[in-house]
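Participant: just need the structure, nothing else, for what follows:
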Amino acid sequence: MEYEPNKNFNQQSQNIISRSSNQPTYKIGIFGGSVAQGLALYLQQQLHRQNSILKDQINVKVLNFAMPGYKQPQNLYAFIYALLAGQRFDCIINLDGFNEIISGHTNQQELESVLYPAARVWRAKAEELLSRLTGTQTFQNLEIKILEKNRSEEKNSKSGWLFAYNGVKKIIVKSCLLIIKQNGKGQNQWSNSDYFPMPPRELLSKPEDVLIVSRRIWLQSSIAMSQVAKGESIRYFHFFQPNQWDPRNGQYKPLAENHEYRWVVPLVQSGYKHFQEKTKSEIGVDLKIIDCAGFAEKQDSRLVWSDDCCHLTEEGNKLLWDFIKDKIKKP
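Facilitator: Sure thing, here's the model as predicted:
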């Protein structure tokens, strides 16, 4: 059985394949956070318009496994889960690094493990789900409502949820039941450790310690993805996600002087330097992390970046893909 989870929360993406009856389909899986998701949606849109995205492959399908707030080891989890579920790939593009640096720091501030996805993003999703699920009078009615909701979503293939999130959501639902049983009526007291099946790490005392641990998890997870891909005869490419606040991408002028992402700037500038410098000496023959810095250095930043955080415009996604596809050409 083959899963092809291209759909996202806003249902913008579809299972689109560039059409040619004489050649096999070349399947590209994209993993990472919201920037990787934006790139996948851009590529799917290009295929929908019948535009070629790879010169040496006529039939191409882009499968989106990226999620907002995802960072390692979530990319590794999603990749392993997809393979076990029967998904086939020809090429894996893992685009990450920003969330590992930024969300590792914010998770620490939120008293959450750096192993978890972005706590601020996923806690909001979990709390929204819990709020919807607790709108009943009794626990028995709540349990019936959850079971009915699960059955209806399994039958509805057009629900728009990425299947990887559905797996996490079921964990959240089960945790809701357990927590409600333990805490009684109306008490929504929980943490990420309640709905992600792993023990929380010991909290780190210094910002530099968070970077060290985040980079280790990032590197080890990518090595694992690379080794698994090699065993499955899948081409694996790891790209270090570019960011406008990295000085190597040129001078960036924010949309507003007092923009809401001012706190991101020093984290990017210190974190990107740390990741780049420390990782060079540790990468072996089984893994090469390709730095995307400078992919759009000659372009007006306002045409490339859609906000003052990290996200790309359509033109930015085009430039990033031009950079990436040049690196994944067949040897």
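
Participant: and for Q251, the neighbour number?
Facilitator: Close neighbours of Q251, defined as other Cβ atoms under 10 Å, add up to 8. Glycine gets a C-beta too; all of them are placed from N, C-alpha and C.

Participant: name the element F79 belongs to?
Facilitator: helix 74-84 (DSSP states H and E).

Participant: just list what that helix packs against, helices and strands only.
Facilitator: Judged by 3 or more Cβ pairs under 8 Å, 6 or more residues apart in numbering; DSSP states H and E, helix 74-84 is in contact with strand 26-32, strand 91-96, helix 163-183, helix 207-231.

Participant: at 10 Å instead, please
Facilitator: Judged by 3 or more Cβ pairs under 10 Å, 6 or more residues apart in numbering; DSSP states H and E, helix 74-84 is in contact with strand 26-32, strand 91-96, helix 98-109, helix 163-183, helix 207-231.

Participant: what is the burial count for the nearest residue to E112 once chain neighbours are set aside?
Facilitator: Leaving out its chain neighbours, the residue that sits closest to E112 by Cβ to Cβ, 6 or more residues apart in numbering is A119, at 4.3 Å. For A119, the count of nearby residues is 22 (other Cβ under 10 Å).

Participant: and A119, how far from W263?
Facilitator: 15 Å (Cβ to Cβ, to the nearest Å).

Participant: worst mean pLDDT among the helices and strands packed on helix 74-84?
Facilitator: For these, mean pLDDT drops lowest on helix 163-183, to a mean of 50.

Participant: how close does E297 sit to I289?
Facilitator: 19 Å.

Participant: looking at the two, which is more packed in?
Facilitator: Under the neighbour definition other Cβ under 10 Å, E297 and I289 were set side by side, and I289 has more, 21 against 14.

Participant: hmm, K278 and the more buried one touching each other?
Facilitator: No - applying Cβ atoms under 10 Å as the test, I289 and K278 come out as separate, 11.5 Å apart.

Participant: now for the two: what residues contact both?
Facilitator: Common contacts of I289 and K278 (Cβ atoms under 10 Å, 6 or more residues apart in numbering): L219.

Participant: neighbours around W263, how many?
Facilitator: Applying other Cβ under 10 Å, we find 10 residues neighbouring W263.

Participant: run through the residues that contact it.
Facilitator: 102, 105-106.

Participant: can you pull the pLDDT of it?
Facilitator: The model reports W263 with a pLDDT of 90.

Participant: repeat for the one 3 residues further on
Facilitator: Confidence per residue is given as pLDDT, and for P266 that number is 91.

Participant: secondary structure element for it?
Facilitator: helix 264-280.

Participant: got the angle between that helix and helix 98-109?
Facilitator: Put simply, helix 264-280 runs at 120 degrees to helix 98-109, going by axes from the mean of the first three to the mean of the last three Cα atoms, to 10 degrees.

Participant: elements contacting helix 264-280?
Facilitator: By 3+ Cβ pairs under 10 Å, 6+ apart, helix 264-280 packs against helix 98-109, helix 207-231, strand 235-240, strand 289-291.

Participant: switch the cut-off to 8 Å
Facilitator: Under the contact criterion of 3+ Cβ pairs under 8 Å, 6+ apart, helix 264-280 touches helix 98-109, helix 207-231.

Participant: between the ones you listed, which one is closest to P24.
Facilitator: helix 207-231 (18.7 Å; Cβ to Cβ).
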